[in-house]
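Undergrad: After the sequence you'll find the predicted model.
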Amino acid sequence: MKNGKIIILSGPSGSGKTTISKYLLSKNFNIRLSISCTTRKIRKYEKNGKDYYFISNKDFFYKIKTYQFLEWEEVYKNLYYGTLKSEISKIWQSKKHILFDIDVKGGINIKKIYPNNSISIFIFVSNKELKKRLINRKSENLNKIDIRLNKAKKENKFSHLFDYILFNKNLKKSKKIVTNLISKFIHKSRSIDLNQ
Ligand code: 5GP
C-alpha cells in the first residue's frame, strides 16, 4: 500500500461522531485514529496520547510557529485543536488508513488537502437532540453547552461541502450505514483492468 486512504467524520460536538469513530475502529478496517493536539483540559475518562495529546498553549503555539500542523484551529475561545503532520506520516508508514474525528472546518480543510483519496461524512443531528446529548454527556456546564449549540447551528450550514450527510437519528442504524460506506470506500480500487 502506498499512502493509505482518509476517512473524515465531522459534525457538531455531540453529534455522535466520536461514538461512530470508536465503532469503526473496533471493526477490522485497518484504520487508525489521527490523534490531535489540544489545549483543553483532559476529561476524567480520557487518556493522554489516546484521545488527544493534551499540551500547553506554549507548546501549541511553538508547533504552529514551526509548521508542525497540517491544520489547526481555535475551535472554542482559547481552546486550540490541531492535526500534526507527523501523525499522518506515522499512520501511513504503519500501512494503515487514517480516521479523522474532527470539527467541521477541520474536516473541510482536510478534504481540500486530500481531495482524491478521502471520504468525508457529516454527522447531522437536530438541535433539540444535540442539546439533550450534550446535557447527558455531563462534560460541559450549561454555558459551555450553549456555546457548542450556537456553533452547531453555524456548522450545519456547511454540511453540503461533505461527500455524505448522515442524519444520526438512530445510533445503531448510523453505525451500520457508516460501516457499509467505509467498507466500500476502503475496498474500492482505483486501478484499471487493462484486459477489459
Ligand atoms: P472536544 O473538546 O469535544 O473533544 O472537541 C471539540 C471539537 O474539536 C470536536 O468537534 C472535535 O472533533 C474537534 N477537533 C478535535 N481534534 C481536532 C483537530 O485536530 N482539528 C480541528 N480543526 N478540530 C478538532
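TA: Now that the structure is in, tell me what you want to look at. Numbers count the residues shown, from 1 in each chain.

Undergrad: Span of stretch 88-99 from start to end?
TA: One end of stretch 88-99 to the other measures 10 Å (C-alpha to C-alpha, to the nearest Å).

Undergrad: What residues sit buried inside it?
TA: Using 16 or more other C-beta atoms under 10 Å as the test for burial, stretch 88-99 gives 88, 91-92, 96-99. (Each C-beta comes from the backbone N, C-alpha and C, glycine too.)

Undergrad: Looking at those residues, which is nearest F124?
TA: L99 (18.7 Å; C-beta to C-beta).

Undergrad: Now do the one helix or strand the closest one maps to: which elements does it pack against?
TA: If you go by DSSP states H and E, L99 is part of strand 97-102. Counting contacts by 3 or more C-beta pairs under 8 Å, 6 or more residues apart in numbering; DSSP states H and E, strand 97-102 packs against strand 6-10, helix 17-26, strand 31-33, helix 85-93, helix 104-113.

Undergrad: what sits against whichever residue of the chain sits closest to the ligand?
TA: The ligand sits closest to G106 of the chain, with a gap of 2.5 Å, by C-beta to the nearest ligand atom. G106 makes contact with 10, 71, 73, 75, 81, 83, 100 under the criterion C-beta atoms under 8 Å, 6 or more residues apart in numbering.

Undergrad: Just those residues: which are in helices?
TA: If you go by DSSP state H, the contacts of G106 have nothing in helices.

Undergrad: Take those residues and write them to TSV, including neighbour count, distance to the ligand and pLDDT.
TA: Listed next are the contacts of G106 as TSV, based on neighbours: other C-beta atoms under 10 Å; distance: C-beta to the nearest ligand atom, whole Å; pLDDT from 0 to 100:
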residue	neighbour count	distance to the ligand	pLDDT
S10	26	7	97
E71	20	6	96
E73	18	4	95
V75	21	4	91
Y81	21	4	97
T83	24	4	97
F100	25	8	97
